[in-house]
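Engineer: Provided below for reference: sequence and predicted model.
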Amino acid sequence: MEAGSGLMRWGPELTATGTTFRLWAPDRTAVKLEIDGHDAVAMTAGEGGWFTADAPVGAGARYRFRLSDNLTVPDPASRAQDGGVNGWSVVVNPAARPWRNADWRGRPWQDMVIQEVHVGLLGGFNGVATHLPAMADLGITAIELMPVNAFGGTRNWGYDGVLPYAPAESYGPPQALQALVDRAHELGISVFLDVVYNHFGPDGNYLGEYASGFFHPEVKTPWGGAVAVDEEPVKRFFIDNALMWLNDYRIDGLRFDAVHAINNDAFLDTMAAEIRAKADRPVHLVLENEKNDADRLARGKYDAQWNDDFHNVLHVLLTGEKDAYYSDFADRPAERLARCLGEGFVYQGEGSANHDGKRRGKPSAHLPPTAFVSFLQNHDQIGNRALGERLTLLTDPAKLRAATLLLLLGPQIPLLFMGDESGSQTPFLFFTDFHDELADAVREGRRGEFAKFAAFADPDKREAIPDPNDRSTFDQSRAEPGPDTDAWRTLYRDLLALRCGHIAPYLAGATSLGAEAVGDAAVVALWRLANDTVLTIALNLGDTAIPVPGGKPIAATGTPGAPASAAAWIDPA
C-alpha cells in the first residue's frame, strides 16, 4: 500500500457528501463506527488492517469506534475530544476559521529568542494570547508551547498525552489555538510546539487493544515498548501529525521530544525531509537527543538541538550540585563550559558515567553556534526536581545575572522558561490529574525516583514530595513574579535589545574563535560574526577576579572580570 494513499491516512476527512472515517486496527476482524444521534454502521475492512466508513455528517459530529460489545474507543487521530480522552471524538474543519495573517512567512532561525510556556498554567490558549504583547515588548521572538495534545484529566505537565492530533479540551477548542498562533504572528512572534513521538501516556491509550503492532514490546524504553516507526502506518501517524500542526495551525516549528528513545535514524531523516517538502512555508525543526548526534545536524535536516550540556555544566557552576546527571560535569566544569561555548557539545564521544560509561556524542566543532539551543533551565530541569525549585532559589542572584548575560548575548539560540524574565521563585512541579490506582502508582513512583538522592533517602522526607495529582501541586506551579521582577525584566529587555541590534543580524555564518577556562569557574569565549566583528564574552562565576579585554563592553553585570560578573564586547575583527 502506498504511503499517503487514502487508506493510509489517519483520522476523519471531510468530503463533498460528509466525512470519511478510518481506523488502523489490524488485530480486529470487525469494527463499528458510532456517530452520536445515528445508528452504528459496520466499517469496511480493507488491505493491511485498515477499516473505513462514510457518513453524511460534517464538522461538529461526535463519533467513536466500537471494537466489541463492552469496548468503545476514541479515534487515535481525533482532531478534538468531547468528554476527555475516553469520550467522543469530534469532526473538525481546520479551514473554517479565516487567518488574519495568512501571508506570515516566519522569522529566520538566527532571530530566535524562545520562551517555553505551559499553556494550562497560563489559562489555556486564550490565556497565552493575553501574555503575548508583554513577551514582544521584552524582546521574545518565539514561544514554544509545551505539548498541547489531549491527556487524561484536566491538567498535566505535558508529557502524558495520548491523542497526538487533538488539542487538550481544557486548553480550548482547535479554533482557539489557531487564534493564538494568529495573534502571535500579528506581533511578530513565531510559535513552536513540543511534540512527543516516543511514547503515549497511561490514561486513554487504547492502541494496544486493536493495533499491537504500533509498538515493539521487545525494545524497552522508560515508558514501555518502543513505537514501531519502521511500520508504515505508524510512520504515517507521526509524520502526518507533524504536518497537521504546521499546515492546519500554521505553527512555525516543532521540537521533537527525546528522539533517542525512538532510536530510528532513518525515520528521523525521512520525517524531516517530508515535512520540509510538504509544509506550505519555511519551518524550523529542533531535536532533543541525548546522543548528541552532530552528524544529523550537519546534514541540515534539522535546524538545531537542545544543548543539555550547556545547562548541565552551568548548573554545576551556579549551584555546586553534583548528583545524578550533573556528575558528568562535576570535574573541571570551567573547561567543560569552554568546550561547550567553543565547540557546541561537551560530550563528543567521551564515556559518560551517567550513561554506564558508554560513549556519548560526536564531534561538533564544525557546526555553527546556531545549531544549538541553550538554556539555563527548562521544564525538565525544574520539573524533574523533587521540589521543582528554580535557579532563583539555588544560586546567588549576581551569578544568575551573569549567566543570563551569557545566555542572551551568546551566539547559540537562547531559550527561557516562563518566569525567568520576572525572577520567579515559585516552583514548577511535576503535575498530573490521574485517579484511583493510577494516581497511587504515579504518586508512589514519583517519590520512589528520588530514593537514591541523599536528601530524600529518609522515607519521611520522600513523603514531603508534592503529590502530582493534588490540585495544589498544579496551582503552586504558576510562575508568579519574584520580589525583584522589575530589575529582572529590565535586564532581559536591555540584553535582548542588544542581541536584536548587534548580534542576531550577523549570526548566519558566525564561527567560534575559541574559548578558554581562565579560572576554576571562569571562561572567556570569542566568536567572529558575519559582519567581521568579534563578539567576546567573559564570564566569572568564581570568587577571584580574572583578566578581561580592554575597552568598554556593550553590556556587563557587575564589574567586568570581578567575581560573579559577565561582560560582552563587540570589536572590529
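Structural biologist: Happy to help now that I have it.

Engineer: drop to CA atoms for contacts and neighbour counts, all remaining ones
Structural biologist: Noted.

Engineer: can you tell me how far Arg447 sits from Gly123?
Structural biologist: Taking Cα to Cα, to the nearest Å as the measure, Arg447 falls 28 Å from Gly123.

Engineer: Which residues does stretch 117-124 contact?
Structural biologist: 125, 127-128, 143-146, 148, 155, 157-158, 170-172, 417-418, 474-475, 477-478 (Cα atoms under 8 Å, 6 or more residues apart in numbering).

Engineer: can you give me the end-to-end distance of it?
Structural biologist: Its start and end residues considered, stretch 117-124 measures 11 Å (Cα to Cα).

Engineer: Same question for it: list its buried residues.
Structural biologist: Across stretch 117-124, burial judged by 16 or more other Cα atoms under 10 Å covers Val117, His118, Val119, Gly120, Leu121, Leu122, Gly124.

Engineer: Relative to Asp331, which of these is nearest.
Structural biologist: Comparing the buried residues of stretch 117-124 against Asp331 with Cα to Cα places Val117 closest, at 32.7 Å.

Engineer: is that closest one in a bridge, and if so with what?
Structural biologist: Beta bridges link Val117 to Leu145 when assigned by DSSP bridges.

Engineer: what pLDDT does it get?
Structural biologist: Predicted confidence (pLDDT) for Val117: 98.

Engineer: which one is Arg28 nearest to, not counting chain neighbours?
Structural biologist: Closest residue to Arg28 apart from its sequence neighbours, by Cα to Cα, 6 or more residues apart in numbering: Tyr210 at 5.9 Å.

Engineer: What is the neighbour count of the nearest residue to Asn531 once chain neighbours are set aside?
Structural biologist: What sits nearest to Asn531 in space, not counting adjacent residues and going by Cα to Cα, 6+ apart, is Tyr506, at 6.0 Å. The local packing of Tyr506 (other Cα atoms under 10 Å) involves 20 other residues.

Engineer: Let me see the contact set for Tyr506.
Structural biologist: Tyr506 makes contacts with Leu529, Ala530, Asn531, as judged by Cα under 8 Å, 6+ apart.

Engineer: From those, list the buried ones, please.
Structural biologist: The neighbour count (16+ other Cα under 10 Å) marks Leu529, Ala530, Asn531 as buried among the contacts of Tyr506.

Engineer: What does the last one show for phi and psi?
Structural biologist: Dihedral pair for Asn531: phi -100, psi 20, per degrees, to the nearest 10.

Engineer: That one and Pro505: what is the separation?
Structural biologist: When distance is defined by Cα to Cα, Asn531 is 9 Å away from Pro505.

Engineer: And for the second one?
Structural biologist: The gap separating Ala530 from Pro505 is 8 Å, by Cα to Cα.

Engineer: re earlier: shouldn't the residue nearest to Arg28 be in contact with Asp27?
Structural biologist: Yes: with contacts counted by Cα atoms under 8 Å, Tyr210 reaches Asp27, the gap being 4.8 Å.

Engineer: Neighbour count: those two, which is higher?
Structural biologist: Using other Cα under 10 Å, the more surrounded residue of Tyr210 and Asp27 is Tyr210, with 19 against 13.

Engineer: Please put the alpha-carbon coordinates of stretch 261-271 into PDB.
Structural biologist: Only the C-alpha atoms of stretch 261-271 are listed here, as PDB (Å, rounded to 0.1, in the frame of the first residue of the first chain):
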ATOM      1  CA  ALA A 261      14.000   6.900  22.700                       C
ATOM      2  CA  ILE A 262      12.600   6.400  19.200                       C
ATOM      3  CA  ASN A 263      16.100   5.100  18.200                       C
ATOM      4  CA  ASN A 264      15.400   5.100  14.500                       C
ATOM      5  CA  ASP A 265      17.700   7.400  12.500                       C
ATOM      6  CA  ALA A 266      16.000   6.500   9.100                       C
ATOM      7  CA  PHE A 267      12.700   7.600  10.500                       C
ATOM      8  CA  LEU A 268      14.100  10.900  11.700                       C
ATOM      9  CA  ASP A 269      15.600  11.700   8.400                       C
ATOM     10  CA  THR A 270      12.500  10.700   6.400                       C
ATOM     11  CA  MET A 271      10.300  12.700   8.700                       C
END
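
Engineer: buried stuff in it?
Structural biologist: Ala261, Ile262, Asn263, Leu268, Met271.

Engineer: Run a quick check on the last one versus Ile239, I expect a contact.
Structural biologist: Yes: counting by Cα under 8 Å, Met271 does reach Ile239; the two are 5.8 Å apart.

Engineer: Closest to Ile382 out of the buried residues of stretch 261-271?
Structural biologist: Ala261 (21.1 Å).

Engineer: Who are the contact partners of that closest one?
Structural biologist: By Cα under 8 Å, 6+ apart, the contact set of Ala261 is Asn198, Thr221, Ala226.

Engineer: Go again with 7 Å.
Structural biologist: Residues near Ala261 by Cα atoms under 7 Å, 6 or more residues apart in numbering: Asn198, Thr221.

Engineer: Low-confidence regions, the protein specifically.
Structural biologist: Applying pLDDT under 70 to the chain flags residues 1-8.

Engineer: which residue is nearest the centroid of it?
Structural biologist: The residue lying closest to the centre of the chain (Cα atoms, centre = their mean) is Asp194, at 3.8 Å.

Engineer: gap between it and Ile143?
Structural biologist: Relative to Ile143, Asp194 is positioned 11 Å away (Cα to Cα).

Engineer: For the stretch 1-150 of the chain, which segments count as helices?
Structural biologist: 124-138 (DSSP state H, counting those that start in this stretch).

Engineer: I'd say Thr426 and Thr473 touch.
Structural biologist: No: assessed by Cα atoms under 7 Å, Thr426 is found out of contact with Thr473, at 11.3 Å.

Engineer: residue contacts, the nearest residue to Gly213 once chain neighbours are set aside?
Structural biologist: In space, and not counting its chain neighbours, Gly213 is closest to Ala228: 7.1 Å by Cα to Cα, 6+ apart. When contacts are counted by Cα under 7 Å, 6+ apart, Ala228 touches Phe214, Phe215, His216, Val234.

Engineer: Go through those residues and say which is closest to Thr432.
Structural biologist: The nearest member of those to Thr432, counting by Cα to Cα, is Phe215 at 24.3 Å.

Engineer: number of nearby residues for Asn292?
Structural biologist: 27.

Engineer: other SSEs contacting the lengthiest helix in the chain?
Structural biologist: With secondary structure taken from DSSP state H, the chain has its longest helix at helix 232-248. Other helices and strands packing on helix 232-248, by 3 or more Cα pairs under 7 Å, 6 or more residues apart in numbering; DSSP states H and E, are absent; none qualifies.

Engineer: so what does the following helix or strand past that helix touch, helix or strand wise?
Structural biologist: Following helix 232-248 in sequence order, the next helix or strand is strand 253-256 (DSSP states H and E). Packing partners of strand 253-256 (3+ Cα pairs under 7 Å, 6+ apart): strand 190-195, strand 284-287.

Engineer: quick one: contacts of the longest one?
Structural biologist: Yep, that's strand 190-195 we're talking about. For strand 190-195, contacts defined as Cα under 7 Å, 6+ apart pick out 106-107, 141-147, 181, 184, 251-257.

Engineer: Run the angle between that strand and helix 232-248 for me.
Structural biologist: Going by axes from the mean of the first three to the mean of the last three Cα atoms, to 10 degrees, strand 190-195 is angled at 160 degrees with respect to helix 232-248.

Engineer: Moving along the chain from strand 190-195, name the first helix or strand you hit.
Structural biologist: From strand 190-195 onward toward the C-terminus, using DSSP H and E, the following helix or strand is helix 207-210.

Engineer: Could you do the shortest one as well?
Structural biologist: Past strand 284-287, further along toward the C-terminus, the next helix or strand under DSSP H and E is helix 294-298.

Engineer: With only the CA atoms kept, save that following helix in CSV.
Structural biologist: Included here for helix 294-298 are C-alpha records, laid out as CSV according to Å, rounded to 0.1, in the frame of the first residue of the first chain:
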residue,chain,number,x,y,z
ALA,A,294,26.2,16.2,15.4
ASP,A,295,26.1,14.4,12.1
ARG,A,296,22.3,14.7,11.8
LEU,A,297,22.6,18.5,12.4
ALA,A,298,25.4,18.8,9.9
